[in-house]
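Build the 3D model from these lines:
(chains A and B)
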Protein chains: 2
Amino acid sequence: MEIKSSKEIQDMERVKRLNLINSITGISPANLIGTISNDSIENLSIFSSVIHIGSNPPLIGFILRPTENNSRDTCENIIETNKFTINHIHSDMIQKSHYTSAKFKKNESEFKKCQLTPEYLNSFLAPYVKESYVKIGLNLEDIQLIKSNGCRLIIGSVEHIYVPDNALHKNGNIQLELLNSIGVSGLDTYYSLNKITQYSYARVDDPFFKTA
Amino acid sequence: MEIKSSKEIQDMERVKRLNLINSITGISPANLIGTISNDSIENLSIFSSVIHIGSNPPLIGFILRPTENNSRDTCENIIETNKFTINHIHSDMIQKSHYTSAKFKKNESEFKKCQLTPEYLNSFLAPYVKESYVKIGLNLEDIQLIKSNGCRLIIGSVEHIYVPDNALHKNGNIQLELLNSIGVSGLDTYYSLNKITQYSYARVDDPFFKTA
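Below you'll find the predicted structure:
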């Protein structure tokens, strides 16, 4: 068992520490966030920090690092337009999605550079990714500064959801196994998903506790 | 393609909306958070909201819902002791981990009820989960109220990390595929992970852009 103390972690070489701390939380969702500036310049960037904030009202957040690639454009566009989209990455679009993290100039579109297709749906201002199977259109709800390190938590309220008919279970669950959905570990490693089990809502009178 | 507008989502039956919005972000990490009260009552609870906040200093966060099972105990214990642990769930401990979400009484230990083993390492106050392969000990760094819905973002700074020797790559990456690590979708569906690809840091002069 390898043990790392806070002192050892602090003393690690920068990239090694970056990899360790980015991958230590386990698998993360892999999404593309699409925005557009008031000057109609589209931006697209891969994020592994998309997180469920609440269901009623439906709120989704993600973490923006001030120094991260494309983060500034994504953030400025969201502040300018109040709109952004979240688009699932599936197994046939990993490479193109990964390369959206390169440092392009502000007037260069990651869509064009990475051969992904902007798609405008139901008059929503921000671009979706045509190649994605699951797409969410969001209105900016709040930006919270994370005082500990200057990152920001961007929170959006869900305006539209697009899901392939067959992937939406009648109980409301998205069936990731029917969508070739993937996950990402750390900054660069991608994983496919296989459904292994599903459990019912845990109640204290469940048979599990009687046999346990 | 199934389309849901914000109005339709708002009008959905509660559990269906809960499932949809909890699963729409894609795969999430599955972790157990261990705490102890000043009265030495241990608490353990499954969370799918653990998120990387920053690497320098190493900060990890998770979202606490005021109304969620065990959330109150977890939160009170962290405020009392300033300590908590994050423990990866692997494929052989999914059921026991899932059932930590049942509504136990405050003086009942989820460890005992769910047959998981508390483990104390290096004099760290909060209990780890012996069965987990990856364990993180954290000090409370900050609690931020999410104004949009009253949830809280709990942020901890990393004090200790425990990883099996063979799973820590020399570049710092945790190799989830060697740990039987799993992910969770929504509230109840668990997925195994298969590594499919890994890409280098994206640079604008990468051959990808020349051939693209």
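
what distance separates stretch A:122-138 from the middle of the whole chain?
14 Å (C-alpha atoms, centre = their mean, to the nearest Å).

what ranges do the strands span in chain A?
Taking DSSP state E, the strands of chain A run over residues A:2-5, A:28-29, A:31-36, A:42-47, A:51-55, A:58-64, A:83-88, A:118-119, A:128-129, A:135-145, A:152-163, A:182-185, A:189-198.

least trustworthy helix or strand in chain A by mean pLDDT?
Here the helix or strand of chain A ranked lowest by mean pLDDT, DSSP states H and E is helix A:207-211, holding a mean of 83.

So what touches that one?
Here helix A:207-211 makes contact (C-beta atoms under 8 Å, 6 or more residues apart in numbering or on different chains) with A:202, B:95, B:99, B:102, B:113. Placement of C-beta: from N, CA and C, glycine included.

can we see that at 7 Å?
Helix A:207-211 is contacted by residues B:95, B:99, B:113 when judged by C-beta atoms under 7 Å, 6 or more residues apart in numbering or on different chains.

again, but for stretch A:74-82
Residues contacting stretch A:74-82 (C-beta under 7 Å, 6+ apart): A:33, A:35-38, A:43, A:45, A:64, A:84, A:125-126, A:139-140, A:154.

Quick check on these: which are buried?
Neighbour counting by 16 or more other C-beta atoms under 10 Å in any protein chain shown classes A:33, A:35-36, A:43, A:45, A:64, A:84, A:125-126, A:139-140, A:154 among these as buried.

how about TSV for the residues you listed, with pLDDT added?
TSV is the format used below for these (pLDDT from 0 to 100):
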residue	pLDDT
A:Ile33	98
A:Thr35	97
A:Ile36	97
A:Asn43	95
A:Ser45	96
A:Leu64	93
A:Phe84	98
A:Leu125	98
A:Ala126	98
A:Asn139	98
A:Leu140	98
A:Ile154	97
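
Next, format these as JSON lines and append distance to B:Ser192.
Formatted as JSON lines, these follow (distance: C-beta to C-beta, whole Å):
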{"residue": "A:Ile33", "distance to B:Ser192": "27"}
{"residue": "A:Thr35", "distance to B:Ser192": "34"}
{"residue": "A:Ile36", "distance to B:Ser192": "38"}
{"residue": "A:Asn43", "distance to B:Ser192": "34"}
{"residue": "A:Ser45", "distance to B:Ser192": "28"}
{"residue": "A:Leu64", "distance to B:Ser192": "31"}
{"residue": "A:Phe84", "distance to B:Ser192": "31"}
{"residue": "A:Leu125", "distance to B:Ser192": "39"}
{"residue": "A:Ala126", "distance to B:Ser192": "34"}
{"residue": "A:Asn139", "distance to B:Ser192": "35"}
{"residue": "A:Leu140", "distance to B:Ser192": "36"}
{"residue": "A:Ile154", "distance to B:Ser192": "31"}
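
With distance to chain B added, can I get those residues in a markdown table?
What follows is the buried ones among the contacts of stretch A:74-82, written out as a markdown table (distance: C-beta to the nearest C-beta, whole Å):
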| residue | distance to chain B |
| --- | --- |
| A:Ile33 | 12 |
| A:Thr35 | 18 |
| A:Ile36 | 20 |
| A:Asn43 | 15 |
| A:Ser45 | 11 |
| A:Leu64 | 11 |
| A:Phe84 | 14 |
| A:Leu125 | 15 |
| A:Ala126 | 15 |
| A:Asn139 | 9 |
| A:Leu140 | 11 |
| A:Ile154 | 11 |
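
picking that back up, worst mean pLDDT among the strands of chain A?
Ranked by mean pLDDT, those end with strand A:2-5 at the bottom, a mean of 89.

List the strands paired with it, with their directions.
In the sheet, strand A:2-5 lines up against strand B:152-163 (antiparallel) (DSSP bridges).
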